[in-house]
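*Asks:* predicted coordinates and the sequence they were generated for:
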Amino acid sequence: MPRTVVLIVPILLLGAATRADVLTFENDYAGFVEAAGPLSEIDFETMPDGQPTEVTVELTEDFNYDDEGVHFSAPYPYPFFAGNPWTGLQLWVEQNGQDTWIIADLVAPATAVGAFFPGSTELCVFDSAGTEIACEFFSDPGEGNFIGMVSDVPIHSATFASGADIEAIDGFVFSPVPEPGTLVLLASGLALTVRRKRRD
């Protein structure tokens, strides 16, 4: 007599409130790299058009790093390139007397994001609905500090804020979600039916 066995794979509800597992790395870039896997990097040594960076040049809606996977902005005005008082260049934003921050909107979701920065900053990461996944503040005097997060919930945007009217980052790194991951998410929502015949 035929017998039907139904196996139901749990459906992943995108956007549903779930607890994210997030690893935070403070001044541990090697650990971040190990956890994040292959990384893309924007070091601000070249501008979006590939030319050497010129101090005071401002990013805009159309002049940005979208082709490299990230669109940088700020509440007001757009970030600009500034000379770092320590080394290299910075993406800098300044709003006299009002708190400001740098926004990094990812062109494609990522499993990890991080940045090098001077002094202190708070990194917050967000999902596709704009819901906060996690936030972490880190401060250490001097130059070349690093903060990064690796999340099992895809990251769509990140903010960097020191709680002051100036914010700067020296470099930005991220790890795009691998393409096969998208297929797994789609497949996981399917119910599988297995029919087995058993002979008496």
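*Replies:* Yes, it's here.

*Asks:* list the buried ones in stretch 124-135?
*Replies:* C124, V125, F126, D127, I133, A134 (16 or more other Cβ atoms under 10 Å). From N, CA and C alone the C-beta is placed, and that goes for glycine too.

*Asks:* the last one contacts V125, correct?
*Replies:* Right, the one you point to is A134. Yes. Taking Cβ atoms under 8 Å as the definition, A134 is a contact partner of V125 at 5.8 Å.

*Asks:* could I get the buried residues of stretch 124-135 as TSV with secondary structure and pLDDT?
*Replies:* Output for the buried residues of stretch 124-135, formatted as TSV (DSSP: H, G, I helix; E, B strand; the rest coil; pLDDT from 0 to 100):
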residue	secondary structure	pLDDT
C124	strand	98
V125	strand	98
F126	strand	98
D127	coil	98
I133	strand	98
A134	strand	98
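
*Asks:* looking at those residues, spot the one nearest S157.
*Replies:* F126 (4.8 Å; Cβ to Cβ).

*Asks:* give me the beta-bridge partners of the closest residue to the closest one other than its chain neighbours?
*Replies:* Distances taken as Cβ to Cβ, 6 or more residues apart in numbering place S157 nearest to F126, at 4.8 Å, with adjacent residues excluded. Beta-bridge pairing of S157 under DSSP bridges involves D105, F126.
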